[in-house]
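[1] Curious how this folds, go ahead:
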Amino acid sequence: MNDQLPEIEQTSTDGLPRIDIVSDVICPWCYIGKRQLERALALLAAEGLAFSVHWAPFQLNPDMPAGGANRQEYRTAKFGSLEKSRALDARITDAAVAAGLQFHLERSTRTPNTVDAHRLVLLAGHLEPQTRAGLQNELMETLFQAYFIDGKDIGEHAVLADAAAARGLDRDAIVAFLASGDAREPVLAADTVAREAGVNGVPSFFLDGNGLFSGALPPEQMAEAFRRAHHLLRARAA
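    Model (predicted):
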């Protein structure tokens with residue numbers, strides 16, 4: 001992975017070092033990585049280090065039809081057999097349990113196109129200065145839960161609007177936003193930039209625009225990566 005992601009904002013409005021997570025809302029390792037990150041940030045907070053967390057889009061299935069696909073049929077074709085798909089689901093469910101999450105992948109019947117979900121997440125990031133810090137991160141939690149635990153189709157506008165409303169946003173305004181197509185091109189452009197920056201697996205983590213690592217690392221390893229990078233970047237700026 002290259003050491004710069006130029007199109008991602010590299011500074012935070014709150015002045016804190018900025019962590020950007022390149023992810024997809026249907027990536028199970030991204031949800032697990034979020035939990036690991038939360039534990040890593042708690043370790044760093046105990047040392048007096050605080051960070052601002054933001055999310056950037058990546059499509060695991062960039063050729064997915066707009067309406068999504070039957071999950072069982074899609075994954076059977078993608079992985080070669082239904083048995084292999086189920087084995088992968090079992091593996092990721094076990095990994096989620098170790099991170100404190102209870103996945104219910106058997107409830108999911110659709111694999112969605114995630115562009116609209118990413119549009120909503122991007123909007124939440126833009127709204128943070130007018131609403132509250134952490135709104136985007138909260139919305140990602142809601143979307144992850146909707147897909148991996150509740151089995152909802154997060155390609156549906158009604159589901160996305162409900163998720164936004166659950167985080168305090170005006171549901172009617174979100175419905176109108178999703179219907180408008182606004183922010184579609186920025187999402188697709190950011191996806192392209194991530195790939196051009198060397199991202200080929202998610203979650204991928206950046207600190208102030210500098211690529212650090214990919215994957216749902218254990219909290220202690222994450223904390224050490226952010227600690228070292230923060231000290232290095234601070235020394236460079238001195």
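[2] Low-confidence stretches in the protein?
    The model of the chain has pLDDT under 70 over residues 1-13.
[3] let's see it at 90
    The model of the chain has pLDDT under 90 over residues 1-15, 133, 197-198, 237-238.
[4] how about the helices in it?
    28-45, 71-79, 82-98, 115-127, 135-148, 157-166, 171-180, 184-196, 219-237 (DSSP state H).
[5] got the angle between the second one and helix 82-98?
    Helix 71-79 and helix 82-98 are oriented at 100 degrees to each other (axes from the mean of the first three to the mean of the last three C-alpha atoms, to 10 degrees).
[6] sorry, back to before: could you dump the helices of the chain into a markdown table with distance to L105 and mean neighbour count added?
    Yep, even glycine has a C-beta here, placed from its N, CA and C like the rest. Putting those into a markdown table (distance: least, C-beta to C-beta, whole Å; neighbours: other C-beta atoms under 10 Å) gives the following:
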| stretch | distance to L105 | mean neighbour count |
| --- | --- | --- |
| helix 28-45 | 8 | 20 |
| helix 71-79 | 9 | 15 |
| helix 82-98 | 5 | 14 |
| helix 115-127 | 17 | 22 |
| helix 135-148 | 7 | 22 |
| helix 157-166 | 17 | 20 |
| helix 171-180 | 25 | 15 |
| helix 184-196 | 24 | 16 |
| helix 219-237 | 24 | 15 |
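[7] Arrange these in CSV, one row each, with distance to H54 as further columns.
    Formatted as CSV, the helices of the chain follow (distance: least, C-beta to C-beta, whole Å):
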stretch, distance to H54
helix 28-45, 12
helix 71-79, 29
helix 82-98, 23
helix 115-127, 6
helix 135-148, 6
helix 157-166, 17
helix 171-180, 19
helix 184-196, 12
helix 219-237, 14
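[8] wait, which of those is closest to P17?
    helix 219-237 (5.6 Å; C-beta to C-beta).
[9] Mind listing residues that contact that closest one?
    17, 19, 36-37, 39-44, 47, 49, 51, 205, 207-208, 210, 212-213, 217 (C-beta atoms under 8 Å, 6 or more residues apart in numbering).
[10] would you put the C-alpha positions of it in PDB?
    In PDB, the C-alpha atoms belonging to helix 219-237 read as follows (Å, rounded to 0.1, in the frame of the first residue of the first chain):
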ATOM      1  CA  PRO A 219      -6.000  -4.000  19.500                       C
ATOM      2  CA  GLU A 220      -2.500  -4.000  20.900                       C
ATOM      3  CA  GLN A 221      -1.000  -4.200  17.500                       C
ATOM      4  CA  MET A 222      -3.300  -1.400  16.200                       C
ATOM      5  CA  ALA A 223      -2.400   0.800  19.200                       C
ATOM      6  CA  GLU A 224       1.300   0.300  18.600                       C
ATOM      7  CA  ALA A 225       1.000   1.200  14.900                       C
ATOM      8  CA  PHE A 226      -0.900   4.400  15.600                       C
ATOM      9  CA  ARG A 227       1.400   5.300  18.500                       C
ATOM     10  CA  ARG A 228       4.500   4.900  16.400                       C
ATOM     11  CA  ALA A 229       3.100   6.700  13.400                       C
ATOM     12  CA  HIS A 230       1.800   9.500  15.600                       C
ATOM     13  CA  HIS A 231       5.200  10.100  17.200                       C
ATOM     14  CA  LEU A 232       7.000   9.800  13.800                       C
ATOM     15  CA  LEU A 233       4.600  12.400  12.100                       C
ATOM     16  CA  ARG A 234       4.900  14.700  15.100                       C
ATOM     17  CA  ALA A 235       8.700  14.500  14.900                       C
ATOM     18  CA  ARG A 236       8.600  15.200  11.100                       C
ATOM     19  CA  ALA A 237       6.500  18.300  11.800                       C
END
